[in-house]
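*Asks:* When you get a sec, could you give me coordinates for this:
(one chain, ligands or ions: 1)
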Amino acid sequence: MTSVILKPHKEESLKRFHPWVFSGAISRVVLDASHKAAAPEEGELVCVRSAANEVLGVGHWQVGSIAVRILAFGEETLPTDFWLSRIRAAYKMREALGLITDSQFSTLNSQLSINNTFRLVHGEGDFLPGLIVDVYAETAVIQAHSVGMHVCRNEIAEAVLSEVPQVQNIYYKSDDTLPFKAPVEGEKTGWLTTPPQPSPQGREIEEFWSIENGLSFRIDWLRGQKTGFFIDQRENRALVERYAKDKDVLNMFCYTGGFSLYALRGGAKTVDSVDVSQKAIDLVNVNVARNFPSATNHTAVAADAFEYLSKQKEDGKTYDLIILDPPAFAKHRDAVKNALRGYQRINAKAIEMIRSGGILFTFSCSQAVDKEAFRLAVFSAAAQVGRKVRILHQLHQPQDHPINIYHPEGEYLKGLVLYVE
Ligand code: SAH
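*Replies:* So this is what the prediction gives:
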């Protein structure tokens with residue numbers, strides 16, 4: 001196997017289990033005999049050694065500033081049962097957390113406790129850098145963020161099928177997540193198992209439902225954003241349910257209506273769901289109709305958030321509870337300044353429209369924007385509008401999106417619940 005030798009003293013962070021080797025830390029690469037090119041192939045397994053030739057770990061080689069992502073510390077090669085044992089450990093953790101309460105996807109059950117929707121693998125948080133696996137009832141969606149994970153996709157799929165009892169189908173969805181220029185063999189998107197067949201009841205693929213805390217969602221793995229759903233807001237959605245009673249609610253950036261369904265179940269007076277994507281709005285309507293067939297207090301609108309809020313303000317519209325869950329405004333560090341301005345602007349618009357005694361749930365999922373910076377942006381918004389604002393809750397990503405303590409970069413979702421007077 002190819003060895004990557006670090007410069008002196010560059011082994012320190014690996015000894016503290018941080019899984020990334022930056023290209024600047026590398027002294028030289030000793031290629032194994034199979035190589036014709038002058039460098040390792042992207043996605044190849046390499047052994048990382050210190051300047052004193054001590055084995056530090058084995059990981060996937062990548063082109064870019066992160067040159068290696070470590071999979072197993074202290075190992076020269078991957079143990080033979082590596083994928084099985086890592087996937088097993090990830091599943092056991094979700095089970096131990098009491099997250100999975102319906103392993104049988106047989107009937108639609110609206111009981112509150114039923115949940116068959118969860119993140120099985122959260123990259124570095126599950127010691128599998130570059131890999132995401134989300135489970136929706138009997139379907140798992142695998143997403144590779146590195147060529148190394150792409151190369152291993154079939155082994156990963158086999159391990160998921162073997163270790164997660166509810167999973168029968170595996171969809172692979174890495175079109176948008178693999179490094180843009182990487183030379184990738186094989187399809188970046190498609191079924192890794194035979195596609196789900198209509199069941200004896202004649203279910204079509206469009207009729208597959210996933211259940212989160214007793215609410216049914218149609219997950220569009222094929223055309224939806226990310227792996228099809230934003231599982232990371234599950235706990236925060238449940239908190240909205242607690243505050244929704246008799247409220248006029250605006251769910252801005254609603255995607256397929258996650259927060260809206262919880263607000264409706266919580267007894268909201270009215271719920272307005274807004275997203276710029278018409279496809280998302282169509283799914284919101286399907287989801288509301290499925291869970292609340294006789295609801296007449298929900299409207300869904302395809303519109304740009306900034307334009308919608310400006311128009312509503314002109315019309316004198318106000319709300320008791322607003323949810324703002326925008327897409328990542330900063331995808332990179334150099335975009336942070338603009339992102340903070342964006343957060344301030346959208347939050348100011350929302351705070352202006354909240355009735356006295358109302359509540360704002362506001363989020364940022366930009367990893368490059370930390371908690372303090374986000375809070376400062378929201379503070380600036382409150383000050384700009386001149387309302388009295390107090391923080392009720394500070395929210396974050398849920399337990400199936402764990403943060404590896406040695407990899408603080410894994411913390412990305414943050415939210416504030418504000419009481420506005
Ligand atoms: N709250 C959602 C997830 C939101 S993801 C949930 O619980 O599932 C962010 C959403 O913002 C996406 O659906 C995207 O289509 C939408 N979006 C992006 N830019 C927008 C804009 N300018 N105005 C309104 N919606 C926008």
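*Asks:* Quick check: neighbours of whichever strand or helix holds residue 210 in the sheet, parallel or antiparallel?
*Replies:* For residue 210, the host element (DSSP states H and E) is strand 209-212. Within its sheet, strand 209-212 is paired with strand 215-218 (antiparallel), according to DSSP bridges.
*Asks:* picking that back up, send the alpha carbons of the strand holding residue 210 over as CSV?
*Replies:* The C-alpha coordinates for strand 209-212 follow below in CSV (Å, rounded to 0.1, in the frame of the first residue of the first chain):
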residue,chain,number,x,y,z
TRP,A,209,-43.9,7.0,3.0
SER,A,210,-41.5,7.6,5.8
ILE,A,211,-42.7,8.2,9.4
GLU,A,212,-41.1,10.8,11.7
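*Asks:* Just give me how far that strand sits from the chain centre.
*Replies:* Relative to the centre of its chain, strand 209-212 is centred 16 Å away, using C-alpha atoms, centre = their mean, to the nearest Å.
*Asks:* what number of residues lie near the residue in the stretch 1-150 of the chain that the ligand sits nearest to?
*Replies:* At 11.5 Å from the ligand, residue 117 is the closest residue in the stretch 1-150 of the chain, using C-beta to the nearest ligand atom. Any C-beta I mention is one placed from the backbone N, CA and C, and that applies to glycine too. Using other C-beta atoms under 10 Å, residue 117 is surrounded by 26 other residues.
*Asks:* tell me, how many neighbours does the residue nearest to residue 257 when sequence neighbours are not counted end up with?
*Replies:* Distances taken as C-beta to C-beta, 6 or more residues apart in numbering place residue 284 nearest to residue 257, at 3.5 Å, with adjacent residues excluded. Residues near residue 284, counting by other C-beta under 10 Å, number 27.
*Asks:* buried ones in the helix or strand that residue 284 is a member of?
*Replies:* Using DSSP H and E, residue 284 falls within helix 278-291. For helix 278-291, the neighbour count (16 or more other C-beta atoms under 10 Å) marks 280-281, 283-284, 286-288, 290-291 as buried.
*Asks:* Stretch 363-375 now?
*Replies:* 363-370, 373-375.
*Asks:* Could you do stretch 17-35 as well?
*Replies:* Quick answer for stretch 17-35 (16+ other C-beta under 10 Å): 18-21, 25-26, 29, 31.
*Asks:* Next, the distance between the ends of that stretch.
*Replies:* 29 Å (C-alpha to C-alpha, to the nearest Å).
*Asks:* for residue 337, phi and psi?
*Replies:* phi -60, psi -50 (degrees, to the nearest 10).
*Asks:* Quick one: residues contacting the closest residue to residue 115 other than its chain neighbours.
*Replies:* Once flanking residues are discounted, residue 115 sits nearest to residue 101: 5.0 Å by C-beta to C-beta, 6+ apart. By C-beta atoms under 8 Å, 6 or more residues apart in numbering, the contact list for residue 101 reads 113-116.
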